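*Asks:* Can you look at this prediction? I've put the sequence above it.
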Amino acid sequence: MPAMRSSVRPTTSRSVVVGLACVGILAAITTIAQRYGFSSLAVDRGAVASWLAGDGLYAYRAAGSQLGTALPPPAALLVSPAAVLPLAVAGWALALAGVAALALALIVLAGPVARRYGRRRWPVVLAAGALALTVEPVRAALGLGTLDLLAFGLVTADIVALRRGAWALRRARWWPRRRAAATPPPRLRRVWAEGRWAGAGIGLATALTVSPVFFIAYLAVTKQWRAALTAAGTTLTVAAGALLVAPHETAAWVGDVLWRIDRSGPIDAPANQSLAGVLARLYDSASTPLLLWLSFSMLLIAVGLIRARSAHADGDEVAAFTLVGLTAAIAGPVTGTQELMWMLPAVLILVDAAARRQASARHPLPGRPRHPGAGLAAAAALTYLLVVLAPMGNLTDPLSGNAYALALILLVNTLPWRPGAAPAVPSDPWVTRRPTTIPPPREPLVRGS
């Protein structure tokens, strides 16, 4: 009887926690939907309905706001069922899909961190999910009815694939004869186990929202050629399918809509937290100074990709992907708050880095600070408060009006990574690398000696 009671209690408590989590998610979506009203989905839904009625997809303008859709043709095809559904039903379906994608992403991002510190994974993931539902990027994506959470989940899935591929290569180095001697598993199982699908998530996300194209460039910079080719091939395949289904809309998208830097909204809008928006507001102009924006954007892209490559080489693929996502957000022409999803793993990385530094200095030495991770912990708290409070409404204060953009620039330049925390590089544990040494500076030549 005692053994039976002990086995029943965990199941009951788990069911209660899952039930409370579902109730909390439904309450959060209800509150968020009342605040935002699925306004972006309403415009996209109207454009798709007009398109299905025989008019052009990008010629549609909403009656009150005169806004049109900027969805790529593959995304418009994905949203097309919303045209025959009530707005509330379509919005709730997209919100639930977004919450599912967020949950899977948090399992990938927060689960390994909990395991490294000896914590149970599910309580940490549930706590991270509860905190994630309070931040502005998630609120905006759920309330506006956009595809950004789905794109975030697709890109995060490729982190799993890259790590599985690295682990498969590492295991082959450990035990090279094991694969030849054992019965080969089915093809689909082998593709999943060895992460051969790496890049497919990035390719789908790029076809839906365009900005994940930065991750394809990152895969090429880090010489992960198979994943880069898979991502590019997936994007081109989806685009070719959209071309066959909707040739006129695809031609209009590639020939006109894609090249409008204001395709997603006004450049100087307070919600635009990209570098282009900051420059437009500083110059008090409806457009951004193009050459200045391109120059600083290329500089930020170079810094972000170089730091992401270093994080990848040091074995922290999560930090590398986060740096690329932050770089894409600040360098894009129009970046709404719903596109700032990569600030969530940035907070997680700051917290983990602070805990690692604190754990490595439990016995403080003379001259060493007692709390070496305090600065990183404070940065994590400030970043989380920033994404919760969303202070962009104050247009008179340039600091608060550009708070997200400034935070993105700081994170791209200063976000730490954790060596060996999430490796996607196959390594050989039996081979020790020689530490690289920097030669001492040369002595200056003295005349007359």
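*Replies:* The structure has been received and is ready for your questions. Numbers count the residues shown, from 1 in each chain.
*Asks:* how distant is the helix or strand containing Gly304 from the center of its chain?
*Replies:* Using DSSP states H and E, Gly304 sits in helix 290-313. Averaging C-alpha positions (CA atoms, centre = their mean, to the nearest Å) puts helix 290-313 17 Å from its chain's average.
*Asks:* by how many degrees do the host helix or strand of Ala405 and helix 290-313 diverge?
*Replies:* Per DSSP H and E, Ala405 falls inside helix 403-414. Relative orientation of helix 403-414 versus helix 290-313 (axes from the mean of the first three to the mean of the last three CA atoms, to 10 degrees): 50 degrees.
*Asks:* Mind listing what's buried along helix 403-414?
*Replies:* Using 16 or more other CB atoms under 10 Å as the test for burial, helix 403-414 gives Ala403, Tyr404, Ala405, Leu406, Ala407, Leu408, Ile409, Leu411, Val412. Every C-beta, even on glycine, is put in place using the N, C-alpha and C of the backbone.
*Asks:* nearest to Ser310, of these?
*Replies:* Ser310 has its nearest neighbour among the buried residues of helix 403-414 in Val412, at 12.8 Å by CB to CB.
*Asks:* where does that closest one land on pLDDT?
*Replies:* Val412 carries a pLDDT value of 96.
*Asks:* and it, what is it in contact with?
*Replies:* Leu300, Val303, Gly304, Arg307, Leu323, Leu326, Thr327, Ile330 (CB atoms under 8 Å, 6 or more residues apart in numbering).
*Asks:* what's around the closest residue to Gly91 other than its chain neighbours, how many residues?
*Replies:* Sequence neighbours aside, Phe38 is the residue nearest to Gly91 in space, at 3.6 Å (criterion: CB to CB, 6 or more residues apart in numbering). Neighbour count for Phe38, taken as other CB atoms under 10 Å: 24.
*Asks:* Let me know the distance separating Phe38 from Leu154.
*Replies:* 21 Å (CB to CB, to the nearest Å).
*Asks:* And for Leu78?
*Replies:* Leu78 is 12 Å from Leu154, by CB to CB.
*Asks:* what's the answer for Arg260, then?
*Replies:* For Arg260, the distance to Leu154 - CB to CB - is 25 Å.
*Asks:* ok so, going back, let me have the contacts of Val412 in JSON lines, extended by distance to Asp352 and pLDDT.
*Replies:* As requested, these are exported to JSON lines (distance: CB to CB, whole Å; pLDDT from 0 to 100):
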{"residue": "Leu300", "distance to Asp352": "24", "pLDDT": "96"}
{"residue": "Val303", "distance to Asp352": "22", "pLDDT": "96"}
{"residue": "Gly304", "distance to Asp352": "20", "pLDDT": "96"}
{"residue": "Arg307", "distance to Asp352": "17", "pLDDT": "96"}
{"residue": "Leu323", "distance to Asp352": "15", "pLDDT": "96"}
{"residue": "Leu326", "distance to Asp352": "17", "pLDDT": "97"}
{"residue": "Thr327", "distance to Asp352": "20", "pLDDT": "97"}
{"residue": "Ile330", "distance to Asp352": "23", "pLDDT": "95"}
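*Asks:* buried set for whatever helix or strand Ala168 lives in?
*Replies:* Using DSSP H and E, Ala168 sits within helix 148-174. For helix 148-174, the neighbour count (16+ other CB under 10 Å) marks 148-169 as buried.
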